[in-house]
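Engineer: sequence and predicted structure, then a few things I'm wondering about:
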Amino acid sequence: MRAAEQAAFDTGVDDYGLMETAGAAAAEIIWRAGHKRDALILCGPGNNGGDGFVIARLLRDRGVAVRIAALGDSRTVSSQRARSAWDGPVEDVMTAAPAGQLVDALFGTGLTRGLDEAVAARLCHLSEAATTSHAIDLPSGVDSDSGALLSAVPHFDVCIALGAYKPAHLLQPAAAYMGRLALADIGIAMPTEVHHLGAPALCAPGANAHKYTRGLVAVVAGEMVGATCLSAEAAARSGAGYVRLIADVAVPVLSHAIVRSASLDLDRAKAVLVGPGLGRDDAAWDRLVAVAKAGGPFVADADALRLFAEKGFGDLTRPAIMTPHEGEFSRLFGDLRGSKIDRALAAARSSGSVVVYKGADSVIAAPDGRAAVASGASPWLSTAGTGDVLAGLAAGRLAVTGDPFRAACEAVWLHGDAARRAGPAFVADDLLATLPAAIAARL
Ligand SMILES: NC(=O)C1=CN([C@@H]2O[C@H](COP(=O)(O)OP(=O)(O)OC[C@H]3O[C@@H](n4cnc5c(N)ncnc54)[C@H](OP(=O)(O)O)[C@@H]3O)[C@@H](O)[C@H]2O)[C@@H](O)CC1
Ligand SMILES: Nc1ncnc2c1ncn2[C@@H]1O[C@H](COP(=O)(O)OP(=O)(O)O)[C@@H](O)[C@H]1O
Ligand SMILES: [K+]
């Protein structure tokens, strides 16, 4: 964001002009949400506070009863200029009375440490007393680059991100405090490879399609066939044309459309899934090695990740996609530094695989530096077996597209949308029923 701002300044945009643009964009969003409800605007010492002074002036011009409460002096040239354009009184944050709307313009990307305990408590109190609370750029107290909470933060109704989403807008725990995210265009381009995961554009099969052109997925079973079945059923509803389940034991409940094979038959497979229900014994490792040695693109999940963490990748072909949750990730890659986005990118770079680092803020990272973050997924996904469904979907989309990063992004999106359609208290099997509607919505 700082680099993007500097690039704008180099082309003649001035600091204060950008602050006026940012303030106007934020004021417009607040106006639409709150209209003439009275507002208290909390202004900090930096440019975030400067935005607050601009917002206050513009809302007052529209007839809103606005009060400002500042935390000390304004310390930047632009924020001093914004403050001098405000001719009303300035109260003290620690003593100001609450209002119907609270606007938090205390700190944004320049926060370097947690707020003083008394200030943080005051912010929480004023926010709770308001009907609607808006955070300007970021809730004061969250670390912009990691999403960590550096001090107590209230839950906001709206967070207005200025110019671009920062990691904290998408990563936990901060993302859970933002309420509705609004992105304010301030006219500067962001040179970034990190994106908020967007809805994919999918294609229906062409008129001449047949089951093999649509993609064959081989799903390798092991000792826990239930998990493998969930994956195979998800692959079968992913848009792929053919799913072959490779199992040398009887598989009790499975769609008749899924073809079984007792041997490791990877003929015509455009993608292989290995890991869900695989087991962790020597026989499981042998199956995993056989898949990797076959050389085709494969998705590694669950037990396959545990086995790779224990035994290493050696000179085996790396998975096209790996889908670790937090525990699997740290077992595989150790304690990496930085935000979840940084860690996912480092893991993708070192392994050469697309890494889907799962959780409430799933990060999809590619070895070439692209990354997408899926925030806002249903917390009801935190139920056993949903990871197996995701792995099946990822393998299915890989068979359809042949592009691991695209496949992983599509799979995470469809998984999240299927969960949203399933509503509350679903089990992993229920996602299988809502997947076709999630796909239909993206055609
Ligand atoms: N560049 C631009 O023109 C544009 C920028 N924009 C806006 O600017 C925001 C970034 O502004 P910023 O860099 O001035 O940082 P900001 O978040 O206001 O705070 C920094 C000040 O707080 C202080 N401080 C830090 N932590 C503290 C603590 N815990 N408790 C107490 N003090 C603390 C720190 O001083 P320190 O004590 O660390 O030396 C410093 O004085 C950005 O989020 C967006 O809203 C938009 O208008 C678009 C145009
Ligand atoms: N609190 C949450 N909010 C949103 N999604 C979640 C949450 N917890 C888990 N998920 C998602 O649910 C899935 C769980 O996968 P995983 O941990 O492998 O479970 P399992 O092994 O039981 O299938 C992942 O896709 C993950 O991103
Ligand atoms: K703020």
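Structural biologist: Perfect, thanks for sending it. Ligands and ions are numbered 1, 2, ... in the order given.
Engineer: going forward, measure contacts between C-alpha atoms and count neighbours the same way
Structural biologist: Will do.
Engineer: now the nearest residue in space to Pro98 that is not next to it in sequence: which helix or strand?
Structural biologist: What sits nearest to Pro98 in space, not counting adjacent residues and going by CA to CA, 6 or more residues apart in numbering, is Leu126, at 5.4 Å. In this structure, Leu126 sits in helix 117-129 according to DSSP states H and E.
Engineer: how about the CA coordinates for that helix, as PDB?
Structural biologist: Extracted C-alpha coordinates of helix 117-129, given in PDB (Å, rounded to 0.1, in the frame of the first residue of the first chain):
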ATOM      1  CA  GLU A 117      -5.400  -0.300  27.900                       C
ATOM      2  CA  ALA A 118      -7.600   2.700  28.900                       C
ATOM      3  CA  VAL A 119      -7.900   3.900  25.300                       C
ATOM      4  CA  ALA A 120      -8.800   0.400  24.000                       C
ATOM      5  CA  ALA A 121     -11.400   0.100  26.700                       C
ATOM      6  CA  ARG A 122     -12.800   3.500  25.800                       C
ATOM      7  CA  LEU A 123     -13.000   2.500  22.100                       C
ATOM      8  CA  CYS A 124     -14.900  -0.700  23.000                       C
ATOM      9  CA  HIS A 125     -17.300   1.200  25.300                       C
ATOM     10  CA  LEU A 126     -18.100   3.900  22.700                       C
ATOM     11  CA  SER A 127     -18.500   1.300  20.000                       C
ATOM     12  CA  GLU A 128     -20.900  -0.800  22.100                       C
ATOM     13  CA  ALA A 129     -22.900   2.300  23.000                       C
END
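Engineer: and ligand 3, is that helix touching that?
Structural biologist: No - Helix 117-129 lies apart from ligand 3 when judged by CA under 5 Å from the ion; the minimum separation is 10.5 Å.
Engineer: okay, now the unreliable bits of the stretch 101-250 of the chain?
Structural biologist: 191, 193 (pLDDT under 70).
Engineer: got the residue ranges for the helices in it?
Structural biologist: 117-129, 167-170, 225-236 (DSSP state H, counting those that start in this stretch).
Engineer: out of these, flag the one nearest ligand 2.
Structural biologist: With distances scored as CA to the nearest ligand atom, the stretch of these nearest to ligand 2 is helix 225-236 (7.8 Å).
Engineer: hmm, who's touching that closest one?
Structural biologist: 217, 219-222, 242-245, 251, 253-255, 258, 276-278, 385, 388-397, 428-429, 432, 435 (CA atoms under 8 Å, 6 or more residues apart in numbering).
Engineer: again, 7 Å this time
Structural biologist: 219, 221, 242-243, 245, 251, 254, 276-277, 385, 388-389, 391-393, 395-396, 429, 432 (CA atoms under 7 Å, 6 or more residues apart in numbering).
Engineer: just the ones of those in helices?
Structural biologist: Judged by DSSP state H, the subset of the contacts of helix 225-236 located in helices is 388-389, 391-393, 395-396, 429, 432.
Engineer: need the helices of the stretch 101-250 of the chain in JSON lines (columns: mean neighbour count).
Structural biologist: Formatted as JSON lines, those follow (neighbours: other CA atoms under 10 Å):
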{"stretch": "helix 117-129", "mean neighbour count": "17"}
{"stretch": "helix 167-170", "mean neighbour count": "26"}
{"stretch": "helix 225-236", "mean neighbour count": "27"}
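Engineer: got the residues of the stretch 51-200 of the chain near ligand 3?
Structural biologist: Contact residues, the stretch 51-200 of the chain versus ligand 3 (CA under 5 Å from the ion): 104-108, 135-136, 138-140.
Engineer: in contact with Pro404, which residues are there?
Structural biologist: So Pro404 contacts 320-321, 354, 398 (CA under 7 Å, 6+ apart).
Engineer: relative to ligand 3, which of those residues is nearest.
Structural biologist: Val354 (34.2 Å; CA to the ion).
Engineer: contact partners for that closest one?
Structural biologist: Residues near Val354 by CA under 7 Å, 6+ apart: 320-322, 348, 365-367, 404-405.
Engineer: mind listing which of the residues you listed are in strands?
Structural biologist: Residues of the contacts of Val354 located in strands (DSSP state E): 321-322, 365.
Engineer: ok, the helix or strand hosting Val355: who's next to it in the sheet?
Structural biologist: Assessed by DSSP H and E, Val355 sits inside strand 354-357. Sheet pairing for strand 354-357, assigned by DSSP bridges, gives strand 321-322 (parallel), strand 362-365 (antiparallel).
Engineer: out of those strands, nearest to Met94?
Structural biologist: Met94 lies closest to strand 362-365 among these, at 38.2 Å (CA to CA).
Engineer: what does the closest one contact?
Structural biologist: By CA under 7 Å, 6+ apart, the surrounding residues in contact with strand 362-365 are 341, 344-345, 348, 354-357, 371-375, 408-409.
Engineer: buried residues in the helix or strand containing Arg287?
Structural biologist: Secondary structure from DSSP H and E places Arg287 in helix 282-294. Residues of helix 282-294 classed as buried: 284-285, 287-289, 291-292 (neighbour count, 16 or more other CA atoms under 10 Å).
Engineer: got the contact list for Cys203?
Structural biologist: Cys203 sits next to Leu443 when contact means CA under 7 Å, 6+ apart.
Engineer: bridging residues for Ile160?
Structural biologist: Beta-bridge pairing of Ile160 under DSSP bridges involves Ile136, Ala182.
Engineer: for it, what are its contacts?
Structural biologist: 26, 135-137, 181-184.
Engineer: now, the residues of the stretch 51-200 of the chain next to ligand 3 that are in strands?
Structural biologist: 104-105, 135-136.
Engineer: now the two most distant members of these.
Structural biologist: Based on CA to CA, the longest span within those runs between Ala105 and Ala135 and measures 6.7 Å.
Engineer: right, and out of the contacts of Val354, which lies closest to ligand 3?
Structural biologist: Closest to ligand 3, out of all of these and judged by CA to the ion, is Ala365, at 28.7 Å.
Engineer: how close does the closest one sit to Phe405?
Structural biologist: The gap separating Ala365 from Phe405 is 7 Å, by CA to CA, to the nearest Å.
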